[in-house]
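Undergrad: Sequence and computational prediction follow.
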Amino acid sequence: MITALVPGSFDPPTNGHVDVIERCSSIFDTVVVGVVANPSKSALFTLSERVGMLEGVCSGLDNIAIESFTGLLVDVARDVGANVIVKGLRAMTDFDYELQLAQMNRHLSGIMTMFVATKPELGYLSSSLVKEVARLGGSVVALVPGSVAAALEEAFDD
């Protein structure tokens, strides 16, 4: 039985995040989506809101659990019984940064990190860009799940 941990801020979850989670769901026995409370980032949505969004988006996937966490990723991986950490990659810049983290995580715990490339048509997506488009009044309907688009509209409603 293989359990994968898919960590991220998910502020907000994008179609790119959902793509990676769905593909992991078809590969691994259990997938834990770990929503990080990152004190160095200023989040638009609270931790519980992000968890709730992901629970709604992933409700049709039977082998998915959504958990929030703080602290070291390798500690969370151990706590949830993950055999592997999975990170989505959009571009080479993601790879450079994520490879360094993967090597540190392997050093600290021995846990392996696997990289999943997003679909090319989703490679430009980031939560930061989605928030900026929504903040400036642009449509994010094609960028995020419908429930997330509604939450963004509400968050930026003047």
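TA: Looks like it arrived, so ask away.
Undergrad: Can you tell me how far the residue found closest to Gly123 once you drop the neighbours it is linked to in the chain is from Val31?
TA: Among residues not flanking Gly123 along the chain, Arg90 sits closest, at 4.7 Å (CB to CB, 6 or more residues apart in numbering). C-beta here means a position set from N, CA and C on the backbone, and glycine is covered the same way. To Val31, Arg90 is 20 Å away according to CB to CB, to the nearest Å.
Undergrad: what do you get for Gly81?
TA: 12 Å.
Undergrad: Please enumerate the shared neighbours of these two.
TA: Among the neighbours of Gly81, those also in contact with Val31 (CB atoms under 8 Å, 6 or more residues apart in numbering) are Thr3.
Undergrad: Settle it for me: which of the two has more neighbours?
TA: Val31 (27 against 11; other CB atoms under 10 Å).
Undergrad: give me phi/psi at that one?
TA: Main-chain dihedrals, Val31, degrees, to the nearest 10: phi -130, psi 120.
Undergrad: Tell me if I'm right that it and Thr3 touch.
TA: Yes. Using CB atoms under 8 Å, Val31 is in contact with Thr3, at 7.5 Å.
Undergrad: Using PDB, write down the CA coordinates of stretch 137-154.
TA: C-alpha atoms of stretch 137-154 as PDB (Å, rounded to 0.1, in the frame of the first residue of the first chain):
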ATOM      1  CA  GLY A 137     -11.900  41.900 -11.900                       C
ATOM      2  CA  GLY A 138     -10.900  39.400 -14.600                       C
ATOM      3  CA  SER A 139     -12.600  36.100 -15.100                       C
ATOM      4  CA  VAL A 140     -11.000  33.100 -13.400                       C
ATOM      5  CA  VAL A 141     -13.700  30.600 -14.400                       C
ATOM      6  CA  ALA A 142     -11.300  28.700 -16.700                       C
ATOM      7  CA  LEU A 143      -8.500  28.700 -14.200                       C
ATOM      8  CA  VAL A 144     -10.000  27.300 -11.000                       C
ATOM      9  CA  PRO A 145     -12.900  24.900 -10.100                       C
ATOM     10  CA  GLY A 146     -16.300  26.700 -10.000                       C
ATOM     11  CA  SER A 147     -16.600  26.700  -6.200                       C
ATOM     12  CA  VAL A 148     -13.200  28.400  -6.000                       C
ATOM     13  CA  ALA A 149     -14.100  31.000  -8.600                       C
ATOM     14  CA  ALA A 150     -17.200  31.900  -6.500                       C
ATOM     15  CA  ALA A 151     -15.000  32.200  -3.400                       C
ATOM     16  CA  LEU A 152     -12.600  34.400  -5.200                       C
ATOM     17  CA  GLU A 153     -15.400  36.600  -6.500                       C
ATOM     18  CA  GLU A 154     -16.800  36.900  -3.000                       C
END
